[in-house]
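>>> predicted structure and sequence below. I'll ask about it afterward.
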Amino acid sequence: MKINEVSQKYQLSLSTLRYYEKIGLLDPVERISGIRQYGEKDCDRIEFILCMKESGLSLDMIKEYFDLYKEGEHTLEKRLALLQKQEQETKEKLERVQSTLDYIHYKMGLTKSNIKKRDKASAQPVKSR
């Protein structure tokens, strides 16, 4: 895929893709007549980067993960530890978001109840004296 296709597919700017390559998050992308041609391996790596960014991992930490990967199998435990730490942080983030959502639902319930009370009170016939 050409760089514009990858840019559109992953909603990343061209400069972001070039930057990822420059800082070593992406291996040098194959070029045909000077035009970057992204392969499946490149796209897999972009998906990993985006997933890790979404979880809150910094680009520096993602780079560290890839550097460990390049060092070989003797870094498996370090890579696992990095992923486990991020898993825990993501779980905590998810719990905070769920708590926020629960509170929103609670407030929605109160508001709906108040709307029903108001509508019920306004539907009562007015007694004449």
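Perfect, I can see it now. Model, not experiment: these values are computed from the prediction. Residues are numbered from 1 along each chain as shown.
>>> only C-alpha atoms from now on, for both contacts and neighbour counts.
OK.
>>> helix or strand: which one has residue 5?
Using DSSP states H and E, the element containing residue 5 is helix 3-10.
>>> which strands or helices does the helix or strand following that helix pack on?
Past helix 3-10, heading to the C-terminal end, the next element that is a helix or strand (DSSP H and E) is helix 14-22. Packed against helix 14-22, as judged by 3 or more Cα pairs under 8 Å, 6 or more residues apart in numbering; DSSP states H and E, are the following elements: helix 3-10.
>>> rerun at 6 Å
Secondary structure elements in contact with helix 14-22, counted by 3 or more Cα pairs under 6 Å, 6 or more residues apart in numbering; DSSP states H and E, are absent; no helix or strand qualifies.
>>> ok, back up a step: quick one: buried residues of the helix holding residue 5?
The neighbour-count criterion (16 or more other Cα atoms under 10 Å) identifies 3, 6-7 as the buried residues of helix 3-10.
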